[in-house]
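Trainee: Here you go, sequence then predicted model.
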Amino acid sequence: MSGKHTARRLAAVTTVAAAALTSASLAPTAAAERDTSGWSQTGYAFQNNSWAARITAVDDLRTVRLNSSRIDCTRSTGRLSRNDLAQTLGGDIASSLEEYGVNLSGLSGTNVTYSEGGRNGSRATNVIGDISIAPPLPDGIAGSAGRIVLTNVTTVADAYEDADGFHADTDISWGDLELELPSSPQLEPLTKPAQQLVDLLTKTVNDTVIKQVVQLLMDTPVPIEIPGLVSFDLGYERQVEKKDFAMAGAYGLLIEVADNGRTNGPKIELGRAYARTDGRAPSGVINGYAAAMDSTGLIDRYGSAKIPCVGTGGKVRTEKVRGLSIGDLAVIGGGTNSYMGKQTADGDVVAWAKSETKFIEVPALDLRLQDIVGRAFVKQRAGRILRTNIKGSTVGSLIVGGERLDLPKPGKRMRLPGGAILRTLVQIPNGRGLSVASAVLDMPNDGPQLKFGVANVIAKRR
């Protein structure tokens with residue numbers, strides 16, 4: 001079966017476990033292209049991103065995005081970001097996928113900002129050449145768990161303005177869909193929706209059959225499960241069109257691989273594309289966020305709030321951060337993120353982001369930090385020097401093994417019992433802005449680096 005099959009207005013998907021967690025990006029084998037020729041500055045603010053798959057690992061904590069490509073807030077058209085990945089990379093997550101019989105290949109993400117045909121816009125395109133899932137059955141069970149193959153899964157999000165105003169378009173399509181049924185008599189019988197799905201896919205698959213498959217998935221309120229193989233559901237398409245901006249977002253499928261006696265099969269969101277275009281960026285754009293926690297190799301920006309590219313019009317916005325327990329890694333006591341951004345037609349810009357967390361505990365080190373605040377601030381008058389500071393950033397106290405210890409001076413290293421290294425109020429200049437982490441903890445034995453009370457702000461002209 002070949003051809004293009006598109007599902008419009010896809011049903012909302014159930015939330016994956018650890019939905020509060022955002023995901024770290026896994027670097028592709030080919031570096032993202034960055035072509036600066038042909039850039040043209042506008043009064044718009046553009047942003048977009050795409051990824052082939054977001055994978056929640058078997059412990060429901062670690063997540064990665066495969067083949068992520070993005071263009072952060074910019075006023076320029078003619079920008080390009082592209083990532084290509086021939087096949088799934090190595091590492092813990094990829095090893096978990098291989099263990100569960102999951103293989104992705106031919107991944108491509110292309111992100112552009114453009115001015116063409118009377119349109120000024122932002123577009124993200126993601127393509128998955130092939131995804132194959134064939135989970136092995138547990139030892140001692142005869143037969144096969146089956147196999148499912150999808151090819152040329154393509155997701156597009158486009159947000160733009162033309163003479164008629166702001167518009168948003170999305171498209172999800174795929175080429176081939178093949179299903180080989182499980183053959184073990186020891187697996188649970190198929191539910192009625194699953195049997196309907198199997199009956200459809202064992203026919204000669206054509207455009208009509210694909211439409212029937214899509215309708216069946218839309219009509220079924222829960223993901224359809226084929227025991228021993230997968231459960232899957234359609235993703236979604238969302239378009240927002242307002243008088244001063246447009247936003248388009250979509251992803252194709254949610255697949256949960258059968259565990260077959262293992263611990264929680266990986267959950268895979270396939271084919272994400274997102275694009276937004278704003279018409280209110282007279283002097284520049286603002287990149288910024290606040291996060292309770294960031295880390296390398298595990299969880300990226302838990303409890304994160306992002307400043308809109310065009311700012312907030314000078315209004316302070318505050319978002320609550322829920323508490324979270326992540327086993328021996330960390331316990332986050334909850335708190336708030338707040339931010340503000342303002343720009344004027346005269347070229348003035350001011351912005352800040354602040355993360356406030358009640359406490360952080362690291363059980364493996366018997367460590368507790370209290371009253372963690374990270375705040376980054378930028379300000380520039382037209383034609384003046386950019387000013388930055390981290391005033392208000394602080395860590396209230398440090399307790400290790402029940403004993404209160406003096407905190408290290410800003411930027412200095414403190415070795416803790418067990419070999420971990422703690423630093424406080426760590427600043428990182430970041431082009432036209434800065435980033436701060438109120439506490440940085442390097443775990444022992446080549447463990448991850450944990451950052452708490454993170455704030456980042458950048459004010460860009462382009």
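Mentor: Happy to help now that I have it.

Trainee: which regions of the stretch 301-450 of the chain sit below the pLDDT cut-off?
Mentor: Scanning the stretch 301-450 of the chain for pLDDT under 70 picks out the ranges 327.

Trainee: Which residue ranges of it form helices?
Mentor: Counting by DSSP state H, counting those that start in this stretch, one finds no helices in the stretch 301-450 of the chain.

Trainee: Just the strands from it, written as ranges.
Mentor: 302-306, 317-321, 324-326, 330-332, 335-343, 349-362, 367-380, 387-389, 394-400, 403-405, 414-415, 421-429, 433-442, 449-460 (DSSP state E, counting those that start in this stretch).

Trainee: can I get the ones you listed in JSON lines with distance to Ile141?
Mentor: (Glycine included, C-beta is placed from N, CA and C.) Formatted as JSON lines, those follow (distance: least, Cβ to Cβ, whole Å):
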{"stretch": "strand 302-306", "distance to Ile141": "38"}
{"stretch": "strand 317-321", "distance to Ile141": "44"}
{"stretch": "strand 324-326", "distance to Ile141": "33"}
{"stretch": "strand 330-332", "distance to Ile141": "38"}
{"stretch": "strand 335-343", "distance to Ile141": "47"}
{"stretch": "strand 349-362", "distance to Ile141": "41"}
{"stretch": "strand 367-380", "distance to Ile141": "45"}
{"stretch": "strand 387-389", "distance to Ile141": "61"}
{"stretch": "strand 394-400", "distance to Ile141": "49"}
{"stretch": "strand 403-405", "distance to Ile141": "53"}
{"stretch": "strand 414-415", "distance to Ile141": "50"}
{"stretch": "strand 421-429", "distance to Ile141": "47"}
{"stretch": "strand 433-442", "distance to Ile141": "44"}
{"stretch": "strand 449-460", "distance to Ile141": "41"}
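
Trainee: Reformat those strands as TSV; add mean neighbour count and distance to Met218.
Mentor: TSV is the format used below for the strands of the stretch 301-450 of the chain (neighbours: other Cβ atoms under 10 Å; distance: least, Cβ to Cβ, whole Å):
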stretch	mean neighbour count	distance to Met218
strand 302-306	22	31
strand 317-321	14	32
strand 324-326	17	33
strand 330-332	21	37
strand 335-343	22	36
strand 349-362	24	39
strand 367-380	22	43
strand 387-389	16	50
strand 394-400	17	50
strand 403-405	12	57
strand 414-415	14	56
strand 421-429	18	46
strand 433-442	24	43
strand 449-460	25	40
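
Trainee: The ones you listed: which one's closest to Glu116?
Mentor: With respect to Glu116, and counting by Cβ to Cβ, the nearest of the strands of the stretch 301-450 of the chain is strand 449-460 at 23.2 Å.

Trainee: That closest one: partners in the sheet, and parallel or antiparallel?
Mentor: Paired neighbours of strand 449-460 in the sheet (DSSP bridges): strand 285-295 (antiparallel), strand 433-442 (antiparallel).

Trainee: next one: the shortest one to chain centre, how far?
Mentor: Here strand 433-442 is found 21 Å from its chain centre; the criterion is Cα atoms, centre = their mean, to the nearest Å.

Trainee: and that strand with strand 394-400, angle?
Mentor: 10 degrees (axes from the mean of the first three to the mean of the last three Cα atoms, to 10 degrees).

Trainee: again, but for the first one
Mentor: Computed with the same axes, to 10 degrees, the direction of strand 285-295 lies at 10 degrees from that of strand 394-400.

Trainee: Strand 285-295: which residues count as buried?
Mentor: Neighbour counts using 16 or more other Cβ atoms under 10 Å place Val285, Ile286, Asn287, Gly288, Tyr289, Ala290, Ala291, Ala292, Met293, Asp294, Ser295 of strand 285-295 among the buried residues.

Trainee: Quick one: closest of the strands of the stretch 301-450 of the chain to Pro221.
Mentor: Nearest to Pro221, of all the strands of the stretch 301-450 of the chain, is strand 324-326, at 28.7 Å by Cβ to Cβ.

Trainee: what lines up beside that closest one in the sheet?
Mentor: Applying DSSP bridges, strand 324-326 is found paired with strand 330-332 (antiparallel).

Trainee: what sits up against the partner strand?
Mentor: The contact list for strand 330-332 (Cβ atoms under 8 Å, 6 or more residues apart in numbering) reads 292-293, 302-303, 321, 323-326, 357, 359-363, 450.

Trainee: Now the two most distant members of these.
Mentor: Longest distance between any two of the contacts of strand 330-332 is 19.6 Å, between Val321 and Pro363; criterion Cβ to Cβ.

Trainee: returning to what we had before: looking at the strands of the stretch 301-450 of the chain, which is closest to Leu150?
Mentor: Nearest to Leu150 among the strands of the stretch 301-450 of the chain is strand 302-306; the distance by Cβ to Cβ comes to 30.8 Å.

Trainee: which residue sits closest to Lys354, ignoring its sequence neighbours?
Mentor: Nearest non-adjacent residue to Lys354, counting by Cβ to Cβ, 6 or more residues apart in numbering: Arg375, 4.2 Å away.

Trainee: Next: Asp442.
Mentor: Excluding the flanking residues, the one nearest Asp442 by Cβ to Cβ, 6+ apart is Ile421, at 4.2 Å.

Trainee: list the contacts for that neighbour?
Mentor: By Cβ under 8 Å, 6+ apart, Ile421 lies in contact with Arg413, Met414, Arg415, Leu441, Asp442.

Trainee: With only the CA atoms kept, save the helix or strand hosting His167 in PDB.
Mentor: Per DSSP states H and E: His167 is located in strand 165-174. The C-alpha trace of strand 165-174 is given here as PDB (Å, rounded to 0.1, in the frame of the first residue of the first chain):
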ATOM      1  CA  GLY A 165      -4.900  38.100   8.400                       C
ATOM      2  CA  PHE A 166      -3.200  35.300  10.400                       C
ATOM      3  CA  HIS A 167      -3.600  31.700   9.500                       C
ATOM      4  CA  ALA A 168      -2.600  28.300  10.900                       C
ATOM      5  CA  ASP A 169      -2.400  25.000   8.900                       C
ATOM      6  CA  THR A 170      -1.500  21.400  10.000                       C
ATOM      7  CA  ASP A 171      -1.100  18.200   8.100                       C
ATOM      8  CA  ILE A 172      -0.400  14.600   9.200                       C
ATOM      9  CA  SER A 173       0.200  11.900   6.600                       C
ATOM     10  CA  TRP A 174       1.900   8.500   6.200                       C
END
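
Trainee: buried ones in that strand?
Mentor: Across strand 165-174, burial judged by 16+ other Cβ under 10 Å covers Phe166, His167, Ala168, Asp169, Thr170, Asp171, Ile172, Ser173, Trp174.

Trainee: what distance separates the next helix or strand after that strand from the middle of the whole chain?
Mentor: As assigned by DSSP H and E, the chain's next helix or strand after strand 165-174 is strand 177-180. On the basis of Cα atoms, centre = their mean, strand 177-180 sits 29 Å off its chain's mean C-alpha point.

Trainee: That'll do, ta.
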